[in-house]
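Colleague: have a look; sequence and predicted model below, questions after that.
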Amino acid sequence: MEPERPFCGQVFSVSELNGVIKQMLEGVFAGIFVEGEISNLREAASGHIYFDLKDKNGILAAVLFKGYGWRFAQMLEEGLSVRVLGDVSCYAKQGRYQLVVKSVEPLSRGKLFLEFEKLKQKLAAEGLFDERRKKPIPPFPHRIGVVTSPTGAAVRDILSVLRRRSPNLEVVVAPVLVQGDEAAAQIAQAIADFNRFAPRMDVLLVGRGGGSMEDLWAFNEEPVARAIAASQIPVISCVGHEIDFTIADFVADLRAPTPSAAAELVVKNSQNTRETVHQFTRRMAQAVSILYERAARRLESALACPVFKDPSVLTREREQRVDELTLSMQALAKDAYHRFESRFSAAQNKLAALNPQAVLKRGYSITRNAQGQIISQVLQTREQETIYIQVKDGTIRAEVK
């Protein structure tokens with residue numbers, strides 16, 4: 001018996017067909033349970049949580065709207081096996097069906113997640129995540145190595161940021177697979193080659209754009225982790241989106257949330273330095289302009305001064321001042337001379353009064369013995385001793401009786 005085809009021959013617009021499918025799906029697959037492993041978990045700015053439910057043979061898009069999400073957001077993890085309750089719906093605008101989740105029940109952690117945790121614990125025990133072994137990122141790099149897919153969005157984002165922010169940088173891209181069985185080996189080899197054969201790089205960017213846990217798995221493999229740890233060149237890991245974490249992120253010297261953010265981090269100091277130089281240049285130009293305006297105003301004021309109209313005004317004033325100072329100095333000198341002359345006369349009179357000759361002129365005499373000693377008492381003489389008496393006009397020789 002031929003199956004019923006109620007819409008056979010009917011013409012639909014795209015939006016009409018999507019609307020019919022939406023009604024059919026929402027009416028039939030409502031309140032169903034679906035089991036699978038969470039993959040490609042992400043939260044939108046709106047607060048809605050999007051993820052994929054996958055098993056060995058398929059993937060189903062799922063959304064946990066904000067109204068339900070607050071109760072289950074903390075338990076949702078990449079790689080977690082869950083049983084969810086929800087309704088199948090169609091996002092008519094894109095013609096894509098999805099499971100609208102209303103509750104989540106954890107079952108067990110997925111295989112990939114367990115492998116991730118096992119390797120993470122192993123490398124942590126070896127000290128590969130230790131902050132003390134991490135190398136500083138050069139503040140002003142000149143040559144940058146990039147390990148990523150040559151055709152992905154990551155390399156375009158990185159090159160776009162570097163060209164815009166620091167066009168003089170030398171960038172060397174090592175093209176590798178970033179997904180699939182051979183990806184990890186190629187990534188590890190590219191890091192090793194940069195360290196051995198390429199011109200010395202200042203820093204390496206290792207990563208790719210976003211994706212599910214399976215898409216990013218190459219950066220969770222041990223060869224990549226050990227290649228990053230062995231690198232003598234500082235490594236910035238930039239894998240996926242901000243919510244994605246890989247083993248490479250823990251081993252790398254620095255983790256960037258996205259490839260474009262890694263490029264921003266690399267040239268951050270150079271960009272800040274250029275901006276600082278531009279700011280100083282603008283401030284210097286403003287300062288010079290202000291100084292020029294002030295000098296111009298001072299010049300205008302000076303030119304308006306009477307001295308520039310009649311320069312003799314300035315010299316006449318100076319000449320008068322010289323005359324005043326000269327007369328003042330002459331007066332001071334004359335006064336000082338008279339004071340000195342008066343003091344000199346007084347000193348002369350004092351000296352004259354103290355002069356022994358002056359005393360002798362007044363009728364006094366000075367008596368000395370033969371040794372020249374002055375005799376002031378009779379007891380200082382002996383009978384028949386010769387003495388000398390000095391008077392105004394000479395000396396008298398006498399004998400004591």
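Modeller: Okay, I see it. The model shown is predicted, which means the values in this text are computed figures rather than measured ones.
Colleague: now the strands: where do they sit in the stretch 151-300 of the chain?
Modeller: 170-175, 203-208, 235-239, 254-255 (DSSP state E, counting those that start in this stretch).
Colleague: for the helix or strand hosting Thr326, packing partners?
Modeller: Using DSSP states H and E, Thr326 maps to helix 312-354. If you count contacts as 3 or more Cβ pairs under 8 Å, 6 or more residues apart in numbering; DSSP states H and E, helix 312-354 packs onto helix 306-309. Every C-beta, even on glycine, is put in place using the N, C-alpha and C of the backbone.
Colleague: pLDDT of the helix it packs on, averaged?
Modeller: Mean per-residue pLDDT for helix 306-309: 64.
Colleague: for stretch 183-193, same thing?
Modeller: 96.
Colleague: list the buried residues for that stretch?
Modeller: By neighbour count on 16 or more other Cβ atoms under 10 Å, the buried set for stretch 183-193 is Ala183, Ala184, Ala185, Gln186, Ile187, Ala188, Ala190, Ile191.
Colleague: and that stretch, how far out from the chain middle?
Modeller: Mean C-alpha position of stretch 183-193 versus that of the full chain (Cα atoms, centre = their mean, to the nearest Å) differs by 34 Å.
Colleague: check stretch 157-176 too.
Modeller: The answer for stretch 157-176 is 23 Å, by Cα atoms, centre = their mean.
Colleague: distance between the ends of that stretch?
Modeller: 16 Å (Cα to Cα, to the nearest Å).
Colleague: pull out the buried residues from that stretch.
Modeller: Applying 16+ other Cβ under 10 Å to stretch 157-176 flags Asp157, Ile158, Leu159, Val161, Leu162, Arg165, Ser166, Leu169, Val171, Val173, Ala174, Val176 as buried.
Colleague: just checking, Asn18 touches Gly95?
Modeller: Yes. Counting by Cβ atoms under 8 Å, Asn18 does reach Gly95; the two are 4.9 Å apart.
Colleague: before we move on, back to that, next, format the buried residues of stretch 157-176 as CSV and append pLDDT.
Modeller: CSV is the format used below for the buried residues of stretch 157-176 (pLDDT from 0 to 100):
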residue, pLDDT
Asp157, 92
Ile158, 93
Leu159, 92
Val161, 92
Leu162, 90
Arg165, 85
Ser166, 83
Leu169, 89
Val171, 93
Val173, 94
Ala174, 94
Val176, 96
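Colleague: next structured bit after the biggest strand by length in the chain?
Modeller: Counting by DSSP state E, the longest strand found in the chain is strand 96-109. Once the chain leaves strand 96-109, the next helix or strand it forms, by DSSP H and E, is helix 111-125.
Colleague: picking that back up, how about JSON lines for the strands of the stretch 151-300 of the chain, with distance to Ile387 added?
Modeller: Output for these, formatted as JSON lines (distance: least, Cβ to Cβ, whole Å):
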{"stretch": "strand 170-175", "distance to Ile387": "122"}
{"stretch": "strand 203-208", "distance to Ile387": "120"}
{"stretch": "strand 235-239", "distance to Ile387": "123"}
{"stretch": "strand 254-255", "distance to Ile387": "120"}
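Colleague: follow-up on the earlier one: Asn18 and Gly95: which is more packed in?
Modeller: Asn18 (19 against 13; other Cβ atoms under 10 Å).
Colleague: tell me how far the more buried one lies from Val11.
Modeller: As judged by Cβ to Cβ, to the nearest Å, Asn18 and Val11 stand 15 Å apart.
Colleague: also Ala61?
Modeller: 29 Å.
Colleague: neighbour-wise, which of these two wins?
Modeller: Ala61 (14 against 7).
Colleague: what pairs with the closest residue to the more buried one other than its chain neighbours across the strands?
Modeller: Sequence neighbours aside, Gln98 is the residue nearest to Ala61 in space, at 4.2 Å (criterion: Cβ to Cβ, 6 or more residues apart in numbering). Each beta-bridge partner of Gln98 is listed here, defined by DSSP bridges: Ser89.
Colleague: and Gln98, what pLDDT?
Modeller: Taking Gln98 on its own, its pLDDT is 91.
Colleague: quick one, which of the strands of the stretch 151-300 of the chain is nearest to Tyr91?
Modeller: Proximity to Tyr91 (Cβ to Cβ) singles out strand 203-208 among the strands of the stretch 151-300 of the chain, at 26.9 Å.
Colleague: and the closest one with strand 235-239, angle?
Modeller: 20 degrees (axes from the mean of the first three to the mean of the last three Cα atoms, to 10 degrees).
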